[in-house]
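J.: Here is my input, please return the structure:
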Amino acid sequence: MLGSEGLRKIADAAPFTCPDCGGVLSQVRGAAPLRFRCQVGHAVTAEVLLREQEDPLRGTMRSAQRLVEEHLELLARMATDARAKGRDRMAAVFDARGDEYRRTAQVIREGLSIPEANNQIGQTVDRPQAAGETSIGVESKLRATQR
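T.: As a prediction, the model looks like this:
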């Protein structure tokens, strides 16, 4: 275990969370590539940290997208019900809220279409490659995703 005192000697506090233990990360001074350590001693490069954050972020965005789509469906049903009961003003309010949610859904869809970090960034020494996974340079991967 590295501990707070040892970590302060080699690193500066950073606003990131260790993907292994949930502790606070510190940026190691002068490290190449950019590296972080936690008090427990876990070490991670910036590339690996980015990749580790990707799955929970995408999962949260997919949950938000499902919730927004449910809101859209509910608002559409509420607008239809209001119109059937002669409450046109209320139906217009539901329609306007639906328009707002449609814009929100589009932003989330665009966010989900951003290429995943592990599709753009080469493997690092911090994590072993999965069986059958190949590693090519960062430049090659970036060119491949831009085609």
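J.: The top strand by length along the chain - which strands sit beside it in the sheet, and in what orientation?
T.: If each strand of the chain is counted by residues according to DSSP state E, the longest one is strand 11-17. Partners of strand 11-17 in the sheet, by DSSP bridges, are strand 24-28 (antiparallel).
J.: ok, residues contacting the strand it pairs with?
T.: 7-8, 10-14, 16-18, 34-39, 43-44, 49 (Cβ atoms under 8 Å, 6 or more residues apart in numbering). Where you see a C-beta, it was placed from the backbone N, CA and C, and this is true even at glycine.
J.: hmm, which of the residues you listed are the buried ones?
T.: 7, 11, 14, 16-18, 35-39, 43-44, 49 (16 or more other Cβ atoms under 10 Å).
J.: can you list those in JSON lines and add pLDDT and distance to residue 91?
T.: Shown next, in JSON lines, are those (pLDDT from 0 to 100; distance: Cβ to Cβ, whole Å):
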{"residue": "7", "pLDDT": "82", "distance to residue 91": "60"}
{"residue": "11", "pLDDT": "90", "distance to residue 91": "58"}
{"residue": "14", "pLDDT": "93", "distance to residue 91": "51"}
{"residue": "16", "pLDDT": "92", "distance to residue 91": "47"}
{"residue": "17", "pLDDT": "91", "distance to residue 91": "45"}
{"residue": "18", "pLDDT": "90", "distance to residue 91": "51"}
{"residue": "35", "pLDDT": "93", "distance to residue 91": "57"}
{"residue": "36", "pLDDT": "94", "distance to residue 91": "53"}
{"residue": "37", "pLDDT": "92", "distance to residue 91": "57"}
{"residue": "38", "pLDDT": "90", "distance to residue 91": "54"}
{"residue": "39", "pLDDT": "87", "distance to residue 91": "57"}
{"residue": "43", "pLDDT": "92", "distance to residue 91": "58"}
{"residue": "44", "pLDDT": "93", "distance to residue 91": "52"}
{"residue": "49", "pLDDT": "92", "distance to residue 91": "48"}
